[in-house]
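Undergrad: Just the structure for this:
(4 chains)
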2 protein chains.
Amino acid sequence: MHGSGRVKIVDVAAAAGVSVTTVSHVISGRRPVSATTRARVEDAVRRLGYQADPSARGLRTQRTDTIGLVVPDITNPFNTELAAGIQAIAYARGLLTVVCEAPMTDGPQLPSVLSQLIARRLDGIVLGRFGAQRADLDRIAGSGASLVRLGTRIADGPGDVVRGAETEGMRDLVRYLVGERGYRRIGFIGGEAGVEPGGERYEGYRQALTEAGRTLPEELAVWTGFTREGGRAGAALLLDATEPPDAVVCANDLIAIGVLDVARERGLDVPGRLAVTGYDDIDAASMVSPALTTVVNPAREIGRSAARLLIDRLDGDEGPARQVVLTHQVVRRASA
Amino acid sequence: MHGSGRVKIVDVAAAAGVSVTTVSHVISGRRPVSATTRARVEDAVRRLGYQADPSARGLRTQRTDTIGLVVPDITNPFNTELAAGIQAIAYARGLLTVVCEAPMTDGPQLPSVLSQLIARRLDGIVLGRFGAQRADLDRIAGSGASLVRLGTRIADGPGDVVRGAETEGMRDLVRYLVGERGYRRIGFIGGEAGVEPGGERYEGYRQALTEAGRTLPEELAVWTGFTREGGRAGAALLLDATEPPDAVVCANDLIAIGVLDVARERGLDVPGRLAVTGYDDIDAASMVSPALTTVVNPAREIGRSAARLLIDRLDGDEGPARQVVLTHQVVRRASA
DNA sequence: TCACACTTCCAAATCGTTTTGCATCACGGG
DNA sequence: CCCGTGATGCAAAACGATTTGGAAGTGTGA
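TA: Modelled structure (predicted):
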């Protein structure tokens, strides 16, 4: 019952009165075929509704025409936008995209997810903003899949890189807070400790403060998690400090939204009593109130660039590793 | 270079000193193998890091071990949660999940996306809340893929169905607005006209109003689109009516958030001057302010149920079509 | 007419599994 | 002693495409 009557390439060949070889050549265009024969074949393909079996083709060509995206949190809108950007490009090329979640904390971890994807013989993998080990990267590269890494400044290691100018973005944001808005005591809430892109963004925060001649308030920098929950936890920590901040800079928008939650619970006026900023500019950043001052991280464009790089590699580009850096932009809204 | 040195089943057989048949039987467990032989084979598999080639396996077994989810808007958090629920179950079963976007308006439409997925010989497809034609459903079923439809009340047609009790959910919500909160003139903003789940939800709205003896304010029911933009457009329409509503019921949360945007722009107090409600209870519903009164639509659980149904079918369940209905729950927050 | 190049097509090998039908062996019961 | 029965393992045939080497057919110039 299951696809028993599927039309195969031999059926097309029979219907068109040619050999399967010719049908294949018409379809792939790898060898010239006379116009009349081509027309007969194409007509037969259309009439019978022939579609090549991807397993059979993949077996022969050693390609799956499938690429993967691995992200730490599939529900983070940033990652969703990313996926949408990749899919748009990949779909047009006939590539299927599978997006997998490899949580930072619980659930199947990165190495396990990579095993699955490598076993699937994906043609390429986009690794989204992770604390990936060098061993993970080498494993992907060693499997024969092309690799694009996202949001990391670390240039060595296999694969191409796409990233936003995150250090610069955060630096500009904090400059704005210090210079134009005059906040005095600025805290920082990061994601998981030591993990990109938290490091990048913290670095920008650090730079802006030191260039302004401020001392880094080390007791006001905490790392919790890139989630709303993480923001709540971080806010509690910072607000209960002996000398609380008048502004808190968050490593992404979800964290900032968690901080807003706490501020509302405690009846703190934002930004009067406490300024809050995010990073990424996800849709929700403009939904909350006060609307978040944040930095645009062009998720969809990052996805598109990553897909294009990957496709170039699949098409045989053997050139040296490339790095694409996308511009940033501070968005001034009501929260700071 | 590309995977040239991949270890194949013959390599494992050689290393273990048995035939490939035996290796295959050890792996699949389809025929008994003596304990000592099994141990030797398993050891060889581990040592060599053997992983069966999915194309070769798929060619023989006529399965891809891959399922698909099709949704109209991949950036809608409801759909993301849905995907996460499906993935969680599928991943544990060794199934890969691909989620595809088939927008209602622009971009590749449903039939075209289905063609891609059918060409890929997916084992099963979950069709997320769509105005799918009967022909689309039949095409999926005819391709041999198992089918689960989401959020539709239409029982006939191929495939199993998973849905929330949406008519009831919306009915309870509107009862609350009318009965407990005393709103007099209640408008409705739907998604794309005539498309599930808009129809379901409108029906609940209609039922609640008629059972309360109200006349349906037909001029206050508009269909725009299941997005924030749609909400903005709908709000403009309703607020500029000759006799504007004091409450507006939206077919999903994104629409409601768009209405909040407009209310804020116009300086309308919510809920004092205008009450607003959503549907789905996505994360953002509790981020905006005032926080949305809405109805829980258990996206993740719907996804899990759908995946389980699909897997049952893949395992050979030939029973009659099933329908799973999940409970709803009104969440009373600040917006109404 | 022959030689040569170009077009156009085909037969057959190949990709790496799974699965079927058989052969072999050991063992116990009649 | 022989035969049936299970357990165990192997050889070979699929699965459905792509690709290579070569065989026809066609046209041109000497």
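Undergrad: So which bits of chain A are right by DNA strand C?
TA: With CB under 7 Å from any atom of the strand as the criterion, chain A meets DNA strand C at residues A:13, A:17-22, A:31-34, A:36-37, A:56, A:59-60, A:62. For glycine as for every other residue, the C-beta is placed from the backbone atoms N, C-alpha and C.
Undergrad: can you tell me which of those are in helices?
TA: Among the residues of chain A next to DNA strand C, DSSP state H puts A:13, A:20-22, A:36-37, A:56, A:59-60 in helices.
Undergrad: For those, which two are the farthest from each other?
TA: A:36 and A:59 (31.8 Å; CB to CB).
Undergrad: For the two, indicate the residue with more neighbours.
TA: Between residue A:36 and residue A:59, counted using other CB atoms under 10 Å in any protein chain shown, the more crowded position is residue A:59 (18 against 8).
Undergrad: wait, isn't that one in contact with residue B:59?
TA: Yes: shown here, residue A:59 and residue B:59 form a contact pair, counting by CB atoms under 8 Å, at 5.3 Å.
Undergrad: The closest residue in space to residue A:235 that isn't next to it in sequence: how many residues sit nearby?
TA: Spatial nearest neighbour of residue A:235, chain neighbours left out: residue A:262 (3.9 Å); criterion: CB to CB, 6 or more residues apart in numbering or on different chains. Applying other CB under 10 Å, we find 20 residues neighbouring residue A:262.
Undergrad: Give me the pLDDT value at residue A:262.
TA: Residue A:262 carries a pLDDT value of 97.
Undergrad: Next one: it relative to chain B, how far apart?
TA: Residue A:262 is 13 Å from chain B, where distance means CB to the nearest CB, to the nearest Å.
Undergrad: Which of the three states applies to that residue?
TA: Following DSSP: H, G, I helix; E, B strand; the rest coil, residue A:262 is assigned to helix.
Undergrad: ditto for residue A:188
TA: Put simply, residue A:188 is strand when judged by three-state DSSP.
Undergrad: can you check residue A:42 too?
TA: Assigned with three-state DSSP, residue A:42 falls in the helix class.
Undergrad: Could you count how many residues lie near the closest residue to DNA strand C within the stretch 101-250 of chain A?
TA: Sorted by distance to DNA strand C under CB to the nearest atom of the strand, the residues of the stretch 101-250 of chain A start with residue A:121, at 9.7 Å. By the measure other CB under 10 Å, the count of residues near residue A:121 is 22.
Undergrad: in a strand, that's where it is, yeah?
TA: No: going by three-state DSSP, the assignment for residue A:121 is coil, not a strand.
Undergrad: could you measure it against residue B:13, distance?
TA: 21 Å (CB to CB, to the nearest Å).
Undergrad: What of residue A:116?
TA: 24 Å.
Undergrad: again, but for residue A:79
TA: Counting by CB to CB, the gap from residue A:79 to residue B:13 is 42 Å.
Undergrad: what about the strands in chain A?
TA: Assigned by DSSP state E, chain A shows strands spanning A:66-71, A:96-101, A:124-127, A:146-150, A:160-164, A:186-190, A:221-223, A:247-250, A:275-277, A:294-296, A:323-326, A:329-331.
Undergrad: Indicate which one of those is closest to residue B:67.
TA: With CB to CB, the closest approach to residue B:67 among the strands of chain A belongs to strand A:96-101: 10.6 Å.
Undergrad: Can that closest one be said to contact chain B?
TA: Yes: with CB under 8 Å from any CB of the partner chain as the criterion, chain B is reached by strand A:96-101 at A:96-101.
Undergrad: from those residues, which is closest to DNA strand D?
TA: For those, the nearest to DNA strand D is residue A:96 (16.1 Å; CB to the nearest atom of the strand).
Undergrad: Show the contacting residues for that closest one.
TA: Contacts of residue A:96 were listed using CB atoms under 8 Å, 6 or more residues apart in numbering or on different chains, and they are A:65-67, A:90, B:98, B:116, B:120.
Undergrad: By neighbours, which of those wins?
TA: Highest count within those by other CB under 10 Å belongs to residue A:67, 29 neighbours.
Undergrad: how close does it get to residue A:306?
TA: Residue A:67 is 10 Å from residue A:306, where distance means CB to CB.
Undergrad: Give me the common contacts of these two.
TA: By CB under 8 Å, 6+ apart, the residues touching both residue A:67 and residue A:306 are A:86, A:126.
Undergrad: Okay, helices next: where are they in chain A?
TA: For chain A, the helices defined by DSSP H cover A:9-16, A:20-28, A:35-48, A:54-61, A:77-92, A:110-119, A:134-142, A:166-175, A:198-211, A:228-239, A:253-265, A:299-314.
Undergrad: Go through those and name the closest to residue B:281.
TA: Nearest of the helices of chain A (CB to CB): helix A:228-239, 14.6 Å.
Undergrad: How far off centre is the closest one?
TA: Distance, stretch centre to chain centre, for helix A:228-239: 25 Å (CA atoms, centre = their mean, to the nearest Å).
Undergrad: residues in contact with residue A:113?
TA: Counting by CB under 8 Å, 6+ apart, residue A:113 has contacts A:70, A:100-102.
Undergrad: where in the stretch 51-200 of chain A is pLDDT low?
TA: Within the stretch 51-200 of chain A, the ranges that satisfy pLDDT under 70 run A:107, A:153, A:155, A:194-198.
Undergrad: Alongside DNA strand D, which residues does it contribute?
TA: So the stretch 51-200 of chain A meets DNA strand D at A:52-53, A:56-57, A:59-61 (CB under 7 Å from any atom of the strand).
Undergrad: out of those, who has the most neighbours?
TA: residue A:53 (21 neighbours).
Undergrad: Give me the spatial nearest neighbour of the residue of the stretch 201-336 of chain A found nearest DNA strand C, chain neighbours excluded.
TA: Proximity of the stretch 201-336 of chain A to DNA strand C (CB to the nearest atom of the strand) peaks at residue A:314, 18.8 Å away. Nearest residue to residue A:314, sequence neighbours excluded (CB to CB, 6+ apart): residue A:123, at 5.5 Å.
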